[in-house]
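S.K.: how would this look folded up:
(chains A and B)
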Protein chains: 2
Amino acid sequence: MKDRYLDFVNKPFGASVARSIGLPRPEVLRRHAKGQSEFGGIAAIGAGPSPTLFEPLMTLLGSIGMTSVAHESALDWLQVAARHGAMSGRFEPRAPDAPPNDRVQALIFDATGITDSTQLHGLFGFFHDAIRSVAKSGRIIVLGLPPQSCASPRTWTAQRALEGLTRSLGKEARGGISSNLVQVEPGGDMQGALRFLLSPRSAYVSGQVVRIDATPASPPADWNQPLAGKRALVTGAARGIGAAIAQVLAERGAHVIGLDVPEAQDALDQTMLALEDTWPSQGAHTALVADIAATDAPATISETLAALGGIDIVVHNAGITRDKTIAKMTEAAWDSVIDVNLGAQERIDEALLNGDVLHMGGRIIGVSSISGIAGNFGQANYATSKAGVIGRVQGMAKPLAARGITINAVAPGFIETHMTAKMPLALREAGRRMNSMSQGGLPVDVAEAIAWLASPASSGITGNVLRVCGQSLIGA
Amino acid sequence: MKDRYLDFVNKPFGASVARSIGLPRPEVLRRHAKGQSEFGGIAAIGAGPSPTLFEPLMTLLGSIGMTSVAHESALDWLQVAARHGAMSGRFEPRAPDAPPNDRVQALIFDATGITDSTQLHGLFGFFHDAIRSVAKSGRIIVLGLPPQSCASPRTWTAQRALEGLTRSLGKEARGGISSNLVQVEPGGDMQGALRFLLSPRSAYVSGQVVRIDATPASPPADWNQPLAGKRALVTGAARGIGAAIAQVLAERGAHVIGLDVPEAQDALDQTMLALEDTWPSQGAHTALVADIAATDAPATISETLAALGGIDIVVHNAGITRDKTIAKMTEAAWDSVIDVNLGAQERIDEALLNGDVLHMGGRIIGVSSISGIAGNFGQANYATSKAGVIGRVQGMAKPLAARGITINAVAPGFIETHMTAKMPLALREAGRRMNSMSQGGLPVDVAEAIAWLASPASSGITGNVLRVCGQSLIGA
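M.R.: Numbers count the residues shown, from 1 in each chain, chains lettered A, B, ... in the order given. Coordinates of the predicted model:
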């Protein structure tokens, strides 16, 4: 579905109309494009007392070709830079009444040393000085600690407070700028998370909290192909978000086994052939036709994948809706939605895990929904199933850790698909605009988040539910 | 502030206008009124397999004078009723096309025995049959387990799924009907929670999850005066929500020590005198004038309260706003909001705890905000402080448990106060209507939730953040 309003207000005439009558002016988000470099520009660095992540942050910025400037809150950064042989200048704050300029691509604040609410002050100084210097589609990232890993209630409190700040900044920033909080357990590897959040691949991810455990992560041999050598099962791969997931996983180097129901076989075949056309060097991908709700599906899928040599990544994308209020819903509509969206995932994972078809160090990624977080009118069945997907992620993270397998979910907000194209106009427009980006996301935005969670660099990320929603206003 | 629209659509002419042009018709919520009985009517009971809470539920309904009918999913209820010598009939589902009737006051579903997503089916049957039989201002309550207490991932998943259902039902129910999920750890005492949620005192609490630990709770000697013999400190008590808290705590039997700044002394004195006028049997309450942000405040407050014999309940209600976008915010606006809303709470609690001024079995209740959960445009300071309040509750629950002290927070949504009365019309109307009750809450709604958390019956409730928001659409 085309967002005509987005196109309109990004042309001179439309922009001037919107400006004159006070309409929202969503920014055309910068997304990844083939052949374009993902990184670049300047990161402005700020810090609270005793920041702990300057070393890995410096290494990271160097490896992705970003330069840096240090805010007065982070002057130690200059010494770290010197030691790394990197150039770093000082960030010059501008008068509050000077017009905004676009000189930095990212604001990164290391808050990991904050142990007390009185130390939150440094965040004010940095963001007050710097927020108007961020380029369009720029990034705000606050690095903190997972509160539940903090022994002192005062530290827990101050670290939890960061969430209120980053979410507020996400709502204040304009021009496609995202704001996210990354909670790094001491010893955790944040490289994969920061690469994702700093790149255009995270265009529609804002207002989120990512938690990174201390589990060691192995960087991929090639950051452009982090999934090289991996086999990935994607359910519901024929069309829409599933097809986008298949495309991005293939682009990132994975061999994709796309699964869909018999009725969608033609579309599935086309999707899988298109992958081969776009990235011919990887050879053929695999189309797998099955109804995941069928009794024998777990065994069949498991055997087929075992015959291929097992798999590394499972993406449970297949899902259905049968919307009605509970009073008018049929029993079949309840049962089929719960079974396809939740029960089938449970049965398939059990078969893959019992048979060791999903390799050690594997990845399971579920697709939840804002409805699963907040509930939704007319979607009692769907919301129940998608809340269950969150439960799976939270309940299975620990048992799976022994095998080095992570489990996470993405929860899409308003994504432009054939489904949303069929919504009544007013409802569609409300859904599109009620988020900090004032626009719907694209299927590729969901796919990029999944590809990141599937990466070898994401070993420390498990039990997370990541919303891909442009910081939707709607929540629980 | 008067909600004129609410009045309008609840008169015959307004109702017919609203109906004819499709405007929302918020229900005048049933709230507690002096001399009116809180409970009554019929509860329809449903259950999944192996329900565990029939016995305490039957005892509770008997003690509050509610009768019951059993849905076909819960026929064992009839035997339990017979054993208790209670009358219980069968719930008769009506044809889907029959007009709604109002025969039951509450729907209660015992889902504690659900161990697998396939067993969620029973919830559909019950709510499909029964939702249109709930009276206005009625109640939907699902009883489940805290997912994190479930050993099996399948059970965790199914229990977590309940949240999607109850939140959806809250959005579908009309006429002031609330829907909440109560997660009872095995051995946990749900009596206090159910009394609150079934009574008109929880009018504006919907779409929430309450977690009850296995900690034994002692029922108060008199359920009408559960706070009898308790001393309660309420900060910011002169006006608005703070004054409402003082009133409800006094009505529930507590001796209130109302605290406010010197500038508000007259209002504070009047508020405290009004308590005495309304409930003369309890004698005088205490006005305490102090600026909580002052360096010596914790010591002064602590000494004053120690001289009274210590206290049982602390309500951190005092708070300020200094709204501006972060780019335009002054340093003083940041510092004062963080310090008053968060730092002062930390310092005062430390003084009260270090001096054992807050008794064993005490209660700490913070006031957070939807802004603290979701962030807010122009409130980076306020949202940070209110997110910190959530961190305090989560971080201190465990250390305080050794003393039998609980710590919880309420997070008000749109509440009709002098503050919201000053909002621009369009923003105010949006805030009022963007929740499942299509109206703002009243200060008394926040106060009632606090009084419940302060009760001796709430020993098993700690580390919870309860939104009092009519199930606001806004969230994180």
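S.K.: Outline the domain layout of chain A.
M.R.: What the record gives for chain A is the domain set A:31-212, A:231-468, from automatic domain parsing.
S.K.: can the last one be found next to chain B?
M.R.: Yes - shown here: domain A:231-468 in contact with chain B (CB under 8 Å from any CB of the partner chain) through A:325-329, A:331, A:334-335, A:338-339, A:342-343, A:346, A:371-388, A:390-392, A:394-396, A:399. Quick note: C-beta positions are derived from backbone N, CA and C, even for glycine.
S.K.: Next secondary structure after the top helix by length along chain A?
M.R.: Scanning chain A for the helix with the most residues, using DSSP state H, yields helix A:380-401. Once helix A:380-401 ends, the next helix or strand along the chain (criterion: DSSP states H and E) is strand A:406-412.
S.K.: Not counting its own residues, what contacts that next one?
M.R.: When contacts are taken as CB atoms under 8 Å, 6 or more residues apart in numbering or on different chains, the neighbours of strand A:406-412 outside the stretch itself are A:241, A:362-370, A:372-373, A:386, A:389-390, A:392-393, A:396-397, A:400, A:441, A:446, A:449-450, A:453, A:458-459, A:461-469.
S.K.: can you tell me which of the residues you listed are in strands?
M.R.: Assigned to strands by DSSP state E, the following of the contacts of strand A:406-412 qualify: A:Gly362, A:Arg363, A:Ile364, A:Ile365, A:Gly366, A:Val367, A:Val465, A:Leu466, A:Arg467, A:Val468.
S.K.: which residues sit against the lowest-mean-pLDDT helix or strand in chain A?
M.R.: Using mean pLDDT, DSSP states H and E, helix A:12-21 stands out as the lowest-scoring helix or strand of chain A, at a mean of 82. Defining contact as CB under 8 Å, 6+ apart, one finds that helix A:12-21 is touched by A:Asp7, A:Phe8, A:Val9, A:Leu23, A:Pro24, A:Arg25.
S.K.: can you check stretch A:148-156 too?
M.R.: For stretch A:148-156, the external contacting residues (CB under 8 Å, 6+ apart) are A:114-117, A:145, A:147, A:159, A:185-186, B:346, B:391-392, B:394-396, B:399.
S.K.: gap between that stretch and the chain center?
M.R.: Its chain's C-alpha centre and that of stretch A:148-156 lie 26 Å apart, by CA atoms, centre = their mean, to the nearest Å.
S.K.: Can you show me the strands along the stretch 51-200 of chain A?
M.R.: All strands of the stretch 51-200 of chain A, identified by DSSP state E, counting those that start in this stretch, fall at A:67-70, A:88-90, A:104-110, A:134-144, A:178-184.
S.K.: I'd like those laid out as JSON lines, including mean neighbour count.
M.R.: Output for the strands of the stretch 51-200 of chain A, formatted as JSON lines (neighbours: other CB atoms under 10 Å in any protein chain shown):
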{"stretch": "strand A:67-70", "mean neighbour count": "22"}
{"stretch": "strand A:88-90", "mean neighbour count": "16"}
{"stretch": "strand A:104-110", "mean neighbour count": "25"}
{"stretch": "strand A:134-144", "mean neighbour count": "23"}
{"stretch": "strand A:178-184", "mean neighbour count": "26"}
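S.K.: Now tabulate those strands in TSV and tack on mean pLDDT and distance to B:Phe13.
M.R.: TSV is the format used below for the strands of the stretch 51-200 of chain A (pLDDT from 0 to 100; distance: least, CB to CB, whole Å):
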stretch	mean pLDDT	distance to B:Phe13
strand A:67-70	96	64
strand A:88-90	92	67
strand A:104-110	97	55
strand A:134-144	97	51
strand A:178-184	98	47
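S.K.: Distance to chain B added to those, as TSV?
M.R.: Converted to TSV, those look like this (distance: least, CB to the nearest CB, whole Å):
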stretch	distance to chain B
strand A:67-70	18
strand A:88-90	20
strand A:104-110	11
strand A:134-144	10
strand A:178-184	9
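S.K.: low pLDDT regions in chain A?
M.R.: Within chain A, the ranges that satisfy pLDDT under 70 run A:1, A:96-97, A:100-102.
S.K.: Try it again at 50.
M.R.: Residue ranges of chain A with pLDDT under 50: none are present.
S.K.: Who wins on neighbours among the contacts of helix A:12-21?
M.R.: Going through those with other CB atoms under 10 Å in any protein chain shown as the criterion, the one with the most neighbours is A:Val9, at 21 neighbours.
S.K.: Please look at it and A:Glu27 and confirm they touch.
M.R.: No - with the criterion set as CB atoms under 8 Å, A:Val9 and A:Glu27 do not qualify as a contacting pair; they are 9.5 Å apart.
S.K.: Give me the common contacts of these two.
M.R.: The overlap between the contact sets of A:Val9 and A:Glu27 (CB under 8 Å, 6+ apart) is empty.
S.K.: Tell me the buried residues in the longest helix of chain A?
M.R.: When burial is assessed from 16 or more other CB atoms under 10 Å in any protein chain shown, helix A:380-401 yields the following buried residues: A:380-397, A:400-401.
S.K.: just stretch A:47-65 next, same as before
M.R.: Counting neighbours by 16+ other CB under 10 Å, one finds that the buried residues in stretch A:47-65 are A:Ala47, A:Gly48, A:Pro51, A:Thr52, A:Leu53, A:Phe54, A:Pro56, A:Leu57, A:Met58, A:Leu60, A:Leu61, A:Ile64.
S.K.: For it, which outside residues touch it?
M.R.: The contact list for stretch A:47-65 (CB under 8 Å, 6+ apart) reads A:37-40, A:43, A:45, A:67-68, A:71, A:73-74, A:76-77, A:80-81, A:84, A:86, A:108-115, A:119-120, A:122-123, A:126, A:143, A:184, A:186, A:189-191, A:194-195, A:198.
S.K.: Go through these and flag which are in helices.
M.R.: Secondary structure from DSSP H places A:Asp76, A:Trp77, A:Val80, A:Ala81, A:Gly122, A:Leu123, A:Phe126, A:Gln191, A:Leu194, A:Arg195, A:Leu198 of the contacts of stretch A:47-65 in helices.
S.K.: As CSV, those residues with neighbour count would be great.
M.R.: CSV is the format used below for these (neighbours: other CB under 10 Å):
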residue, neighbour count
A:Asp76, 15
A:Trp77, 26
A:Val80, 20
A:Ala81, 22
A:Gly122, 22
A:Leu123, 28
A:Phe126, 27
A:Gln191, 21
A:Leu194, 27
A:Arg195, 22
A:Leu198, 25
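S.K.: near chain B, from the residues you listed?
M.R.: Residues shared between the ones in helices among the contacts of stretch A:47-65 and the neighbourhood of chain B are A:Leu123 [CB under 8 Å from any CB].
S.K.: now for the ones in helices among the contacts of stretch A:47-65, which pair is the farthest apart?
M.R.: Using CB to CB, the pair of the ones in helices among the contacts of stretch A:47-65 lying farthest apart is A:Gly122 and A:Arg195, separated by 25.4 Å.
S.K.: And for A:Arg239, the neighbour number?
M.R.: 17.
S.K.: show me what contacts it?
M.R.: Taking CB under 8 Å, 6+ apart as the contact definition, A:Arg239 lies against A:Ala264, A:Ala267, A:Thr271, A:His418.
S.K.: Out of those, who's the most crowded?
M.R.: By neighbour count, taken as other CB under 10 Å, the most surrounded of the contacts of A:Arg239 turns out to be A:Thr271 (24 neighbours).
S.K.: Now it: closest residue in space, sequence neighbours ignored.
M.R.: Here the nearest residue to A:Thr271 in space, its sequence neighbours aside, is A:Ala243; by CB to CB, 6 or more residues apart in numbering or on different chains that works out to 4.7 Å.
S.K.: hang on, isn't the one you found packed against A:Ala237?
M.R.: Yes - contact criterion CB under 8 Å: A:Ala243 and A:Ala237 qualify, at 6.1 Å.
S.K.: Which one of these two is surrounded by more residues?
M.R.: Legend: neighbour count by other CB under 10 Å for A:Ala243 and A:Ala237, higher for A:Ala237 (33 against 25).
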